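K.L.:
got a structure for you, letters missing:
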């Protein structure tokens, strides 16, 4: 796999170039579909990691002082919870888009088995 920053296409074979383009389109597909959600997930991950590490240190430092650490633990839980909810939302949107493109149960849309229907008398056709 080649870095998108280094080098151009002049040193690659056609197969490597096709693989590189496929990887680029795959990685940018999510951003093109929902740029605000992808940006929000990335930012919340940064906030959860950066502020969460400081809050985790404050929790550890205040463990011996009774319940002083409780607000810090709630902040940490809120940061992680918000990040996980955003990731779950992005996962659901991706899954919904993938299933609607492929069809139910991983079958192509044109290859679905015929559905059975009832006639007026209640018999299955």
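P.N.:
Arrived safely. Bear in mind that the values here come from a model prediction, so they are computed numbers and not experimental data. Residues are numbered from 1 along each chain as shown.
K.L.:
and residue 42, how many neighbours?
P.N.:
When neighbours are defined as other Cβ atoms under 10 Å, residue 42 has 12 of them. In this view, the C-beta of every residue, glycine as well, is placed from N, C-alpha and C.
K.L.:
That should have said residue 96, apologies.
P.N.:
Other residues lying near residue 96 total 10 when counted by other Cβ under 10 Å.
K.L.:
Quick check: residue 90 vs residue 80, distance?
P.N.:
As judged by Cβ to Cβ, to the nearest Å, residue 90 and residue 80 stand 16 Å apart.
K.L.:
repeat for residue 18
P.N.:
Looking at residue 18 against residue 80, where the rule is Cβ to Cβ, the gap reads 40 Å.
K.L.:
Kindly report the same for residue 35.
P.N.:
According to Cβ to Cβ, residue 35 and residue 80 sit 24 Å apart.
K.L.:
Name the residue in those two with the higher neighbour count.
P.N.:
Applying other Cβ under 10 Å to residue 35 and residue 80 shows that residue 80 carries more neighbours, namely 15 against 10.
K.L.:
doesn't residue 52 make contact with that one?
P.N.:
Yes. Here residue 80 reaches residue 52: they are 6.6 Å apart, a contact under Cβ atoms under 8 Å.
K.L.:
Just the buried residues of the helix or strand hosting residue 75, please?
P.N.:
Using DSSP states H and E, residue 75 sits within helix 70-102. Within helix 70-102, the residues that count as buried by 16 or more other Cβ atoms under 10 Å are 72-73, 75-76, 79, 83, 86, 90.
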